[in-house]
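Participant: this one's structure only:
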């Protein structure tokens, strides 16, 4: 085999390996994988549920769940939306922080704080199945 | 049907003095004064959830709701004959909470009756509440109406007595509205036997008004918008010609008619609750005739809270919802349709966008 041919074959083999490799990564997850990933999500939902009923987010003992049982009347499916009381388009997490600051008299969470993600995960999980309607008042 | 009007008596008095030249429809005067003995008003305050932080600190938001309701009730003209407090004075049933709430209620200038909510009860099973306010259930008569006060937030004995290691935990488990570890409310055998005996001495054409904390009807079990033996209590009430049940717990406008029984819910002074239909994962049985309250605006601390001014004309209830930060609403018994109706918004065509709850 000439040097040129060796080079072409090597390239074809490399491309094949890359393609097969990508194929394996993209397609071949199993039912067990899916269950594990959903389990990871539900761990965070469960953390969120605990936080939702916890007095620890604020300073006055008030918890999210006092006004929002099962996270009802939070409408996560409508965010981002124009929050008329704030005069701009906001994300759902900003309204969580508004509630922590005001009725709970607490300190805001960073928007990527694990607790913030857990609160959002719980509220959206309780709202599962409802159609997305970003911007709806 | 006339609308509730706190100044009606004064207005009618002055109208009568100029009757010769008045254009006031005579039928309205006759209806209002058909039987003056039965024509009186009372006020209804409920669900204040006074919440202790520590020391002398309480959650200010909830305090303000009760203080405002008491102050506004004291300003009513004409004066109501009495005030009913509909339960959940405290958040976790502690002495500091009940004492603080009782102190605020003591500023009412009227005879005040109280009933028990689950937040008052499940710490010490109503013991300290009783020291302050008296028996857990009772009845009284006022101007031809028989009033019954129930403790409707009892539950199964094994849940109350055997399930929880401490009284504090029992209270916390029942205090979480959506807590699956909670237990359904009920009036129970003992109290229903008492009720049957109490009603045995009342003639069937005497109007009966029942006060309870939970609805004596089944709306949504998950949040205890529910009384487990509702049908059995209703069966004791159905033989009477005019029956009204007024209940708290739900923190929202609800009304219904089942047979002879009209149902009216009252607002909380503390905070509003979502309508069960707003929880996407469960079925509920909201009374079809209810026109919901407006969706709450959280940026107004007192929005979707309030108290009630109730006119007992001929044994039925005209309920005026006094809504802080929002337009008042009136739900009155309509003798033509035989059910409570909103005097402004009952027809579908008259409803407004904020009443759409989702």
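Facilitator: That came in fine, so what should we check first? Computed from a predicted model, the values in this text were never measured in an experiment.

Participant: helix or strand next in line after the helix or strand of chain A with the lowest mean pLDDT, which one?
Facilitator: Counting by mean pLDDT, DSSP states H and E, the weakest-scoring helix or strand in chain A turns out to be helix A:3-27, with a mean of 68. Downstream of helix A:3-27, the next assigned helix or strand under DSSP states H and E is helix A:31-52.

Participant: buried residues in that next one, which are they?
Facilitator: Of the residues in helix A:31-52, those with enough neighbours to count as buried (16 or more other C-beta atoms under 10 Å in any protein chain shown) are A:44-45, A:47-49, A:51-52. For glycine as for every other residue, the C-beta is placed from the backbone atoms N, C-alpha and C.

Participant: what does stretch A:51-71 contact?
Facilitator: Stretch A:51-71 has contacts (C-beta atoms under 8 Å, 6 or more residues apart in numbering or on different chains) with A:73-74, A:99-100, A:103-106, A:115, A:118-119, A:122-123, A:126-127, B:49, B:51-53, B:57, B:59-61, B:176-179, B:222-223, B:271-274, B:279, B:281-282, B:298.

Participant: looking at the residues you listed, which are in strands?
Facilitator: Taking DSSP state E, the ones among the contacts of stretch A:51-71 that sit in strands are B:52-53, B:57.

Participant: can you give me the helices for the stretch 151-300 of chain B?
Facilitator: Assignment of helices within the stretch 151-300 of chain B using DSSP state H, counting those that start in this stretch yields the ranges B:157, B:167-175, B:189-200, B:230-237.

Participant: the stretch 1-150 of chain B too?
Facilitator: Taking DSSP H, counting those that start in this stretch, the helices of the stretch 1-150 of chain B run over residues B:8-17, B:26-32, B:60-74, B:95-105, B:118-121, B:127-133.

Participant: weakest of those in terms of mean pLDDT?
Facilitator: Ranked by mean pLDDT, the helices of the stretch 1-150 of chain B bottom out at helix B:26-32, with a mean of 36.

Participant: what about residue B:180, how many neighbours?
Facilitator: Under the neighbour criterion other C-beta atoms under 10 Å in any protein chain shown, residue B:180 is assigned a count of 7.

Participant: contacting residues for it?
Facilitator: With C-beta under 8 Å, 6+ apart, residue B:180 has no contacts at all.

Participant: look up phi and psi at it.
Facilitator: The phi/psi pair for residue B:180 (degrees, to the nearest 10) reads phi -60, psi -10.

Participant: report the separation between it and residue A:49.
Facilitator: 11 Å (C-beta to C-beta, to the nearest Å).

Participant: ok, and the closest non-adjacent residue to residue A:74?
Facilitator: The shortest distance from residue A:74 to any non-neighbouring residue, by C-beta to C-beta, 6 or more residues apart in numbering or on different chains, is to residue A:123 (5.1 Å).

Participant: can you count the residues close to residue B:194?
Facilitator: As a measure of burial, residue B:194 has 17 neighbours, counting by other C-beta under 10 Å.

Participant: sorry, wrong one. I was asking about residue A:125.
Facilitator: Applying other C-beta under 10 Å, we find 18 other residues in the vicinity of residue A:125.

Participant: which non-adjacent residue is nearest it?
Facilitator: Spatially, and ignoring its direct neighbours in sequence, residue A:125 is nearest to residue A:45 (4.7 Å; C-beta to C-beta, 6+ apart).

Participant: residue contacts, that neighbour?
Facilitator: With contacts defined as C-beta under 8 Å, 6+ apart, the neighbours of residue A:45 are A:118, A:121-122, A:125.

Participant: could you save the residues you listed as a markdown table and add columns showing pLDDT?
Facilitator: Converted to a markdown table, those look like this (pLDDT from 0 to 100):
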| residue | pLDDT |
| --- | --- |
| A:118 | 98 |
| A:121 | 98 |
| A:122 | 98 |
| A:125 | 98 |
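
Participant: make CSV from those residues and add distance to residue B:358 to it.
Facilitator: As requested, the contacts of residue A:45 are exported to CSV (distance: C-beta to C-beta, whole Å):
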residue, distance to residue B:358
A:118, 25
A:121, 21
A:122, 19
A:125, 18
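
Participant: which one (most neighbours) among those?
Facilitator: Neighbours here are counted as other C-beta under 10 Å. On that basis the top member of those is residue A:122, with 26 neighbours.

Participant: what sits against that one?
Facilitator: If a contact means C-beta under 8 Å, 6+ apart, then residue A:122 has A:45, A:47-49, A:51-52, A:71 as its contacts.

Participant: and what of residue B:102?
Facilitator: With contact taken as C-beta under 8 Å, 6+ apart, residue B:102 is in contact with B:89, B:132-133.

Participant: in stretch B:205-217, what counts as buried?
Facilitator: B:206-217.

Participant: closest to residue B:112 among the residues you listed?
Facilitator: Residue B:112 has its nearest neighbour among these in residue B:211, at 12.4 Å by C-beta to C-beta.
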